[in-house]
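In: Following is a predicted model, sequence given first.
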Amino acid sequence: MGTIITKTDVAIVGGGISGSALLYLLAKYTDVKDITLFEKCDEIAKLNSNGTHNSQTLHCGDIETNYSLEKAIEVQASANMVTRYIERFTSNKDILYKYPKMVIGVGEQECESLSSRFETFSPHFPTNKLFTEKDIARIEPQVMHKRKEAVIGMGVENEYTAVNFKNLANAFVQDAQNQKDKNISVQIATKILNISQQDQVYKIKTSKGIIEARFVVVSAGGHSLLFAQKMGYGLNFSCLPVAGSFYFAPMVLKGKVYTIQNDKLPFAAVHGDPDVLVPGKTRFGPTALILPMLERYNYSTIPEFFKVLRPDSSVLKVFWDLFKVSDTRNYILKNMLFEVPVLRRILFAKDVQKIVPSLRASDLRYAKNIGGIRPVMIDKDNRKLHLGEARINPGNGIIFNMTPSPGATSCLGNAKKDLESIVEFLGCGYEKQKLEQDLLKD
Ligand SMILES: Cc1cc2nc3c(=O)[nH]c(=O)nc-3n(C[C@H](O)[C@H](O)[C@H](O)COP(=O)(O)OP(=O)(O)OC[C@H]3O[C@@H](n4cnc5c(N)ncnc54)[C@H](O)[C@@H]3O)c2cc1C
């Protein structure tokens, strides 16, 4: 091991949206003096939190039919924290965008199920409206063009619905660095190689030396589980990396149009929306491709995937459960074919025609090198997929966060939980009321 280069109070591993949000909250609302953020890439939010890698949606839970009401209310609260932060504390230059958004039900059965969802959800989402075919034709003409089946929509017309999460992460880092009387160190291009605990402190071996920390939060995507397991934690989890690819089409949608999820599938349905990074195009996706790697397009993470997979009878049971249901099995196979040149455009066009019936395969272009990986956790104790974010907090000064969708939307909500654990463990000061006033209240 190299020489000890420095000490810090809190070390954050991973400079995606999760690590950056935590850096900001700690710097602004606690009296923790020294905070160090480590990011192995040469810039903040280059992987899943990059707009090229995710769907750029501020998930509020209303149009995501895979969310229960309880989950939707929780996600909405986190989404509102993001909106308040951007509106109150940034110039909102290229961060938050207003587009109409809706989920559509296609065919009698889906129309009925969406109407009944609207009844349940509308008291909690008062600005949401049920859109008739006439409304949809006005808001999204291409959704109705050449449409044969019955369709209804549910959504909003004039609210914030899209986020450039990379720009948001950079705003968090900038604001953290602007806090007076704090030592905020942001170490990019610095890879964490190992974390170990010795006598109440954590020794973090980095590519540039060793640092000691009183508290460590690892928000390193799928790598968080790898770090946890190396230290003997999270052995009851395995990881199923689900990549998402996208396709570009000419601009056929004005806003976000989601479809109803097949409730037998544990993955979100395809949607289409404007890409905040590529004006003039509509982007469709994401697909759901199971890939044996922790980071998309980084083949050196294949061996790391097998380390966290730790196959045993529980993991095999989860895979068997996925494959034995024909809907899921066909879906998984279809998503593999979505990667095969030529064939993929023809197959994907069929899915997309549910949203824009007149779109043809020749209108679609596979978006190369775009789309990240969702590290979906497998809960080995209960032998099932753990959908959504997972957090391992053994209570001894270290936390590991694994963040598939809607992890970017939930960045401040998750960071607040981490902050409260840190405050309790280190016994430091925390301006709770100020945080609540700033981010939780209208
Ligand atoms: C296809 C797709 C679509 C999605 N759409 C949405 C959406 O519309 N809305 C939404 O809210 N969420 C969405 N998500 C989820 C969202 O992108 C993630 O939840 C979020 O980006 C996770 O942020 P993070 O900071 O936790 O992880 P990441 O963004 O993955 O960041 C982890 C960071 O840790 C760094 N790191 C890893 N190992 C090390 C190491 N050893 N040393 C130092 N640094 C390290 C990595 O370089 C990386 O920068 C989507 C995800 C995918 C894949």
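Out: Arrived safely, thanks for sending.
In: In this structure, which strand is the longest?
Out: Longest strand in the chain by number of residues (criterion: DSSP state E): strand 151-163.
In: Does that one reach the ligand?
Out: No. Applying Cβ under 6 Å from any ligand atom, one finds strand 151-163 separated from the ligand by no less than 7.4 Å. All C-beta atoms are positioned from the backbone trio N, CA, C, and that covers glycine.
In: Show me the domain layout of the chain.
Out: 1-56+164-236+386-442, 237-249+266-380 (automatic domain parsing).
In: Any idea which of those domains gets closest to A150?
Out: The minimum distance between A150 and the domains of the chain falls on domain 237-249+266-380, with 12.9 Å, by Cβ to Cβ.
In: Regarding that closest one, how distant is the last residue from the first?
Out: 6 Å (Cα to Cα, to the nearest Å).
In: tell me the mean pLDDT over that domain?
Out: Across domain 237-249+266-380, the average pLDDT comes to 94.
In: Check which element follows the longest strand of the chain along the chain.
Out: Downstream of strand 151-163, the first helix or strand assigned by DSSP states H and E is helix 165-177.
In: May I have the strands that pair with the next helix or strand after that next one, each with its orientation?
Out: The element immediately downstream of helix 165-177 (helix or strand, assigned by DSSP H and E) is strand 183-187. Looking at strand 183-187 with DSSP bridges, its partner strands are strand 34-38 (parallel).
In: who touches the partner strand?
Out: By Cβ atoms under 8 Å, 6 or more residues apart in numbering, the residues outside strand 34-38 that reach it are 6-15, 19-20, 23, 26-27, 173, 176, 182-187, 190-192, 204, 206, 211, 213.
In: so which of the domains of the chain is the most packed in?
Out: Here the criterion is mean neighbour count by mean count of other Cβ atoms under 10 Å, and of these the winner is domain 1-56+164-236+386-442, at a mean of 20.
In: wait, does that one contact the ligand?
Out: Yes. Interface with the ligand: domain 1-56+164-236+386-442 contributes 13-19, 38-41, 46-49, 53-56, 191-192, 219-221, 223, 401, 403-409 (Cβ under 6 Å from any ligand atom).
In: Stretch 244-251 too?
Out: Yes. Using Cβ under 6 Å from any ligand atom, stretch 244-251 comes into contact with the ligand via G244.
In: And that stretch, end to end?
Out: Note: stretch 244-251 ends 21 Å apart using Cα to Cα.
In: Which parts of the stretch 301-442 of the chain are strands?
Out: 365-366, 373-379, 384-386, 390-392, 398-402 (DSSP state E, counting those that start in this stretch).
In: Quick one: residues in contact with the last one.
Out: What it means is strand 398-402. 18, 195, 197, 202, 215-219, 221-222, 224-225, 227-228, 231, 233-234, 237, 239, 375, 377, 389-393, 414, 418, 421.
In: strands paired with that strand, and their directions?
Out: strand 209-218 (parallel), strand 390-392 (antiparallel).
In: And for G234, nearest residue in space, chain neighbours not counted?
Out: A228 (3.8 Å; Cβ to Cβ, 6 or more residues apart in numbering).
In: so what's that neighbour up against?
Out: Here A228 is in contact with 218, 234, 237, 392, 400 (Cβ under 8 Å, 6+ apart).
In: returning to what we had before: for M81, find the nearest of the strands paired with strand 398-402.
Out: Nearest of the strands paired with strand 398-402 (Cβ to Cβ): strand 390-392, 17.1 Å.
In: near the ligand, which residues of the stretch 251-400 of the chain?
Out: Going by Cβ under 6 Å from any ligand atom, the residues of the stretch 251-400 of the chain near the ligand are 286, 371-374.
In: ok, 5 Å please
Out: 286, 371-372, 374 (Cβ under 5 Å from any ligand atom).
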